[in-house]
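Engineer: pasting a predicted model and its sequence here:
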Amino acid sequence: LQIIKPQMEHVEATGVSMARADDAAYFLETALRQRGYSNAAVDWRLLDTDNGGKRIHLIVEEGAGSRLGEIRFSGNEAVEGEAVMELLTSHTRKRVNAESGGILPYVPEDLDKGVSRIREFYQLLGYSEAEVSLKTGTPSGTVDVEVSVIEGNRYVVGAITIPEPPSSALQADFDKLHEDYSGKNYTSSVPVSLSSGITALARDAGYYDAEVFVEEVNKTEVATSGTVSVDLQVSAVWGETIPVSGIQVTGNEKVKSEFFTRHFEDLNGKPYSPNATNAEVEELLRTGAFESVRTDTVRRDDGSMALLIDVEEASMKEFGVYGGYATYEGPVAGFEFQNLNLNGMLRKVDAEIEASRRGLRGEISYEDPWFAWSDFRLQSSLFALNRINEGYSKFETGGRYEFSRKTGPAGRTQISIFGQATYTDIYETEIDPAELGDPSYFANVTGVSLSLDRTDNPRKPRSGFIAQSAVSVASSVIASEVEFLRATGRLGYYLPLGPATARLSARAGIISPMGDSMSLPIDLRFYNGGAQSVRSFDERELGPRDSRGSPVGGEFYSIFNFEIEMPFFSVDGLSVVPFFDAGNLLPDAGDAGLSQMRYALGLGLRYETPLGPLRVEYGYNPDRLPGEPVGAAHVGLGVAY
């Protein structure tokens, strides 16, 4: 019943019938044969039930089962026996849970597929003439198998002759292709792949009619090595560049045609580039305003190319409510309204109100991805919040802005200029006045930031690194009542370990008063401890305290995290995460360094949801000082760092 569970669930949902009974018998018989019972037969009957219905009765004749015995290999010098074994039995292993010491059923069809996989693997290694044969014993009981390999010569790519590129700008790309293919394993797909690569480069440079041909011109056997070098000759007809002459848009009802004209104007009049066109399309899709954006081209009589854009628009206005829970914030609830298409020009307005145990926040923001039709993105907002922290409360109003521009490969490098102007009022404080700083002030901050993302997946990276840094200043020159210089940095590195992922992160920040500001207001200082930092402490609880025990923050912090996320195989989306954290928080920027470090050893569970990972973690304090906690538990949604 477990084997045919999907079929029986279908029967339970739709009812018993002769056709469904026959299907169940067929699937069970097939499954048995795939488990080594080559003569299995399954018949069926429909029986009456006490309540007047019908039920399926399956009659099974398993027959004698066969299993794989000893598997021997011969002739395989380039590929180890373990790899040949895996290729031969992989089809069976995927389907059958191989327990009991790894015993596998004997399934001839699977072994035939395995032989094909061994042969294909040899071909990928350059052994295009490799022969693989299989001999088996009597198909009953235990079946021994012998795999014989005749490897033959190994073929590699020798000299490659490539003509001059149609544009000098392509020379570096042509040289890179030459480097990628030279000395690599030669298979029948190499000429096709090389031709496609050169053609794609030429077409993206505007030579849309380019035709490229690759042929073998010489084969040289390297003495005593069993290796044959294959020389390739590339010939090409580049043709002329094909300019884009006009943009035609269909399917748009809410977004003005003027927007598309402006958005694609950088392509108009220039040689047609598929990559440049796709980049503009992907930028549109990231706005969330379109279900799909399709492009096509049509040749005009004058030889130019008209670019056709067909769009399917999504909902442009959305209202949503949300709720959740976090250890420090407590219950969280909010609602949000979005308009993705202000004035029909794909400018975004977002209004949000959120309440938690810590207070109330309201914000309205505006986003222009193409500020003044440039490559710069403008993000601005006005906000107000009432916040209850340990030892004090505050009311803050203000606004912020950020101009950013993405550059580099796939836009994974971002440079930003940002600023924020706020008025803050500290009230209901339990902090010693000497530690409080100015309880009421206006701050005007401006700064720059740089972000480098070289990960394989921006949403959930498994390899690569992220580097971020920011420097900002508040000065009386720009009418700020408090003056300071602040710098922060972060480096994250990701490493796949089989199905697991190792994550390493280092973060640090320093803020120093300037001018007449002898000390910083308490809410401008850094804090440490919590679900995103050193997890053996509750939120903001690591570091200096006043005489009453309330955290007062500091002018320098460091945080180091290491964790390994390992999938919990029996539950899809669930993983277990052992971690180690270290960090400090120092009261004076002049003492910046790695003294007074605190640590966390812990374990967590994470479950992937559409909104991000749900996290439940506990961090133990292995070097506890007087007054510090034994550890801390954290519950929340989102990545740790």
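Structural biologist: Now that the structure is in, tell me what you want to look at.
Engineer: now the helices for the stretch 201-350 of the chain?
Structural biologist: 257-263, 274-286 (DSSP state H, counting those that start in this stretch).
Engineer: and stretch 562-571, end to end?
Structural biologist: The first and last residues of stretch 562-571 sit 24 Å apart, counting by Cα to Cα, to the nearest Å.
Engineer: hmm, who's touching it?
Structural biologist: Identification of contacts with stretch 562-571 by Cβ atoms under 8 Å, 6 or more residues apart in numbering yields 497, 499-505, 574-581, 604-606, 640. All C-beta spots, glycine's among them, are computed from the backbone N, C-alpha and C.
Engineer: ok, now stretch 129-140?
Structural biologist: With Cβ under 8 Å, 6+ apart, stretch 129-140 has contacts from 38, 64, 66, 69, 106, 108, 111-112, 115, 118-119, 122-123, 143-153.
Engineer: filter these to the buried ones?
Structural biologist: Buried subset of the contacts of stretch 129-140 (neighbour count, 16 or more other Cβ atoms under 10 Å): 38, 66, 106, 111, 115, 118-119, 122-123, 143, 145, 147, 149, 151, 153.
Engineer: wait, which of these is closest to Ser195?
Structural biologist: Gln123 (19.1 Å; Cβ to Cβ).
Engineer: got the phi/psi numbers for that closest one?
Structural biologist: phi -60, psi -40 (degrees, to the nearest 10).
Engineer: please name the residues that touch it.
Structural biologist: With contact taken as Cβ under 8 Å, 6+ apart, Gln123 is in contact with 130, 187.
Engineer: distance check, it against Leu68.
Structural biologist: 25 Å (Cβ to Cβ, to the nearest Å).
Engineer: likewise for Val156?
Structural biologist: 35 Å.
Engineer: again with Tyr392
Structural biologist: Counting by Cβ to Cβ, the gap from Tyr392 to Leu68 is 71 Å.
Engineer: quickly list what the residue lying closest to Pro439 once chain neighbours are set aside is bridged to.
Structural biologist: The shortest distance from Pro439 to any non-neighbouring residue, by Cβ to Cβ, 6 or more residues apart in numbering, is to Ile426 (4.0 Å). As for beta bridges, Ile426 partners with Lys394 under DSSP bridges.
Engineer: poorly predicted segments of the chain, please.
Structural biologist: By pLDDT under 70, the low-scoring segments of the chain are 97-102, 139-140, 223-224, 570, 640.
Engineer: spatially central residue for it, please.
Structural biologist: Asn457 (2.7 Å; Cα atoms, centre = their mean).
Engineer: helix or strand: which one has that one?
Structural biologist: Asn457 is part of no helix or strand, with elements assigned from DSSP states H and E.
Engineer: please narrow the contacts of stretch 129-140 to those residing in helices.
Structural biologist: Using DSSP state H, the subset of the contacts of stretch 129-140 located in helices is 108, 111-112, 115, 118-119, 122-123.
Engineer: what is the nearest of those residues to Gly288?
Structural biologist: Gln123 (44.5 Å).
Engineer: so Ile510 makes contact with Ser558?
Structural biologist: No: using Cβ atoms under 8 Å, Ile510 is not in contact with Ser558; the gap is 9.6 Å.
Engineer: who's more crowded, these two?
Structural biologist: Ser558 (23 against 19; other Cβ atoms under 10 Å).
Engineer: which element, helix or strand, includes the more buried one?
Structural biologist: strand 556-567.
Engineer: got it, and Arg540?
Structural biologist: Using DSSP H and E, no helix or strand contains Arg540.
Engineer: any chance of the helices of the stretch 201-350 of the chain in CSV, with mean neighbour count and distance to Ile59 too?
Structural biologist: As requested, the helices of the stretch 201-350 of the chain are exported to CSV (neighbours: other Cβ atoms under 10 Å; distance: least, Cβ to Cβ, whole Å):
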stretch, mean neighbour count, distance to Ile59
helix 257-263, 16, 66
helix 274-286, 15, 55
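Engineer: let me know which of the ones you listed is the nearest to Asn341.
Structural biologist: Of these, nearest to Asn341 by Cβ to Cβ is helix 257-263, at 9.0 Å.
Engineer: CA-only coordinates of the closest one in PDB, if you can.
Structural biologist: Output of helix 257-263 as PDB, limited to C-alpha atoms (Å, rounded to 0.1, in the frame of the first residue of the first chain):
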ATOM      1  CA  SER A 257       3.400  53.800 -23.500                       C
ATOM      2  CA  GLU A 258       5.700  56.800 -22.800                       C
ATOM      3  CA  PHE A 259       7.300  54.800 -20.000                       C
ATOM      4  CA  PHE A 260       8.400  52.000 -22.300                       C
ATOM      5  CA  THR A 261       9.700  54.500 -24.800                       C
ATOM      6  CA  ARG A 262      11.900  56.100 -22.100                       C
ATOM      7  CA  HIS A 263      12.900  52.800 -20.500                       C
END
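Engineer: need the nearest residue in space to Leu601, chain neighbours excluded.
Structural biologist: Leu601 sits nearest to Tyr620 (Cβ to Cβ, 6+ apart), 5.0 Å away.
Engineer: equivalent analysis for Asp375, please.
Structural biologist: Using Cβ to Cβ, 6+ apart and skipping the chain neighbours, the partner closest in space to Asp375 is Arg405 (5.4 Å).
Engineer: buried residues in the one helix or strand the one you found maps to?
Structural biologist: Assigned by DSSP H and E, Arg405 belongs to strand 392-407. Neighbour counts using 16+ other Cβ under 10 Å place 392-396, 398, 400, 402-404, 406 of strand 392-407 among the buried residues.
Engineer: spit out the contact partners of Gln248.
Structural biologist: Here Gln248 is in contact with 306-309 (Cβ under 8 Å, 6+ apart).
Engineer: just those: which are in strands?
Structural biologist: Among those, the members falling in strands (DSSP state E) are 306-309.
Engineer: would a markdown table of the ones in helices among the contacts of stretch 129-140 with distance to Ser480 be doable?
Structural biologist: As requested, the ones in helices among the contacts of stretch 129-140 are exported to a markdown table (distance: Cβ to Cβ, whole Å):
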| residue | distance to Ser480 |
| --- | --- |
| Pro108 | 80 |
| Leu111 | 76 |
| Asp112 | 77 |
| Val115 | 75 |
| Ile118 | 71 |
| Arg119 | 72 |
| Tyr122 | 70 |
| Gln123 | 69 |
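Engineer: of those, closest to Ala19?
Structural biologist: Nearest member of these to Ala19, counting by Cβ to Cβ, is Pro108, at 29.6 Å.
Engineer: which residues touch stretch 390-397?
Structural biologist: So stretch 390-397 is in contact with 359, 383-387, 422-431, 436, 522-523, 540-541, 546, 548, 550-552, going by Cβ under 8 Å, 6+ apart.
Engineer: please apply the same query to stretch 356-367.
Structural biologist: Contacts of stretch 356-367 (Cβ under 8 Å, 6+ apart): 326, 328-333, 342, 347-355, 377-389, 393.
Engineer: can you turn the buried part of those residues into a PyMOL selection?
Structural biologist: Applied in PyMOL, the following selects the buried portion of the contacts of stretch 356-367 according to 16+ other Cβ under 10 Å:
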select buried, resi 326+328+329+332+347+348+349+350+352+354+355+377+378+379+381+383+385+386+387+389+393
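Engineer: mind listing which of the contacts of stretch 356-367 are in strands?
Structural biologist: Short answer: the contacts of stretch 356-367 in strands (DSSP E) are 326, 330-333, 342, 347-355, 377-389, 393.
Engineer: quick one on the thing from earlier: I'd say the residue nearest to Pro439 and Ile522 touch.
Structural biologist: Yes: if you go by Cβ under 8 Å, Ile426 and Ile522 touch, sitting 6.7 Å apart.
Engineer: got any residues that touch both of the two?
Structural biologist: What both Ile426 and Ile522 touch, as defined by Cβ under 8 Å, 6+ apart, is the set 392, 436.
Engineer: more crowded one of those two?
Structural biologist: Neighbour comparison, Ile426 and Ile522: the larger count goes to Ile522, with 25 against 21 (by other Cβ under 10 Å).
Engineer: show me the contacts for the more buried one.
Structural biologist: 391-392, 426, 431, 435-437, 552-553.
Engineer: let's see 10 Å
Structural biologist: 389, 391-392, 394, 424, 426, 429, 431, 435-439, 546, 550-553 (Cβ atoms under 10 Å, 6 or more residues apart in numbering).
Engineer: fine by me, we can end here.
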